[in-house]
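Colleague: Provided below for reference: sequence and predicted model.
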Amino acid sequence: MQKVRTAIDRSIQFVCCFLFMVMVVTASWQVISRYILNSPSTISEAFLRCSLIWLSMLAIAYVAGQREHVSLTLFTDKLTGSWKMASDLLTELLFIVFSIFIMIHGGFHAASNTMSQLYPMLNIPKGFIYLSLPVSGCIIVAYSIINCLRIFQNSQTIRSQQS
């Protein structure tokens, strides 16, 4: 389980870092071409928009998998024992349900409905942009399942230590 998590972590970190570096280079080229060469690049702005969508969705999946997402912990921080475990499991199950129905199911519909439409500046199907939803949804589901297994393992460890 830990090896799978590490592989997913490293893959997302690599892709996000690579995308960010490419975006920095592209934005720099946009500035140079506009202000120094007086010939603005039309492709770079569209590429940056698409890259930002993919980077954001992958980063959201990564942060959700690390359980570092924004959350209100006013009540859950006061829970202990089985109530804390139930709260953590409920949170992960809600992530799974949201990811399956909204991100994966809805994302595939959005991507398939827009595959025939071309993104004018890049000349690629708009569906490729919407594919970031089901891809990040699948990653969130994988992370949430791993997190559920970890919660169960921790509860078993605590129970065995108490007896």
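Modeller: Thanks, I have the structure now.

Colleague: for Pro120, see how far away the residue positioned nearest the centre of the chain is.
Modeller: Taking CA atoms, centre = their mean as the criterion, Ala61 is the residue nearest the geometric centre of the chain, at 2.3 Å. With distances taken as CB to CB, to the nearest Å, Ala61 is found 28 Å from Pro120. To be clear about C-beta, it is placed using only N, CA and C from the backbone, and glycine gets the same treatment.

Colleague: do Val70 as well
Modeller: 35 Å.

Colleague: tell me which element the closest residue to Asn154 other than its chain neighbours is part of?
Modeller: Nearest residue to Asn154 in three dimensions, chain neighbours excluded: Met85, at 7.9 Å (CB to CB, 6 or more residues apart in numbering). In this structure, Met85 sits in helix 81-98 according to DSSP states H and E.

Colleague: helices or strands up against that helix?
Modeller: The criterion is 3 or more CB pairs under 8 Å, 6 or more residues apart in numbering; DSSP states H and E, and the helices and strands that helix 81-98 contacts are helix 132-162.

Colleague: which residues touch the residue nearest to Asn154?
Modeller: Ile151, Asn154, Ser155 (CB atoms under 8 Å, 6 or more residues apart in numbering).

Colleague: now do Val135
Modeller: By CB under 8 Å, 6+ apart, the residues touching Val135 are Met57, Leu58, Gly107.

Colleague: which other helices and strands does the helix or strand encompassing Met21 contact?
Modeller: With secondary structure defined by DSSP H and E, Met21 is part of helix 2-31. Packing partners of helix 2-31 (3+ CB pairs under 8 Å, 6+ apart): helix 42-65, helix 132-162.

Colleague: which of those has the lowest mean pLDDT?
Modeller: Of all the helices and strands packed on helix 2-31, helix 132-162 carries the lowest average pLDDT, namely a mean of 86.

Colleague: orientation of that one relative to helix 81-98 in degrees?
Modeller: Interaxial angle of helix 132-162 relative to helix 81-98 (axes from the mean of the first three to the mean of the last three CA atoms, to 10 degrees): 160 degrees.
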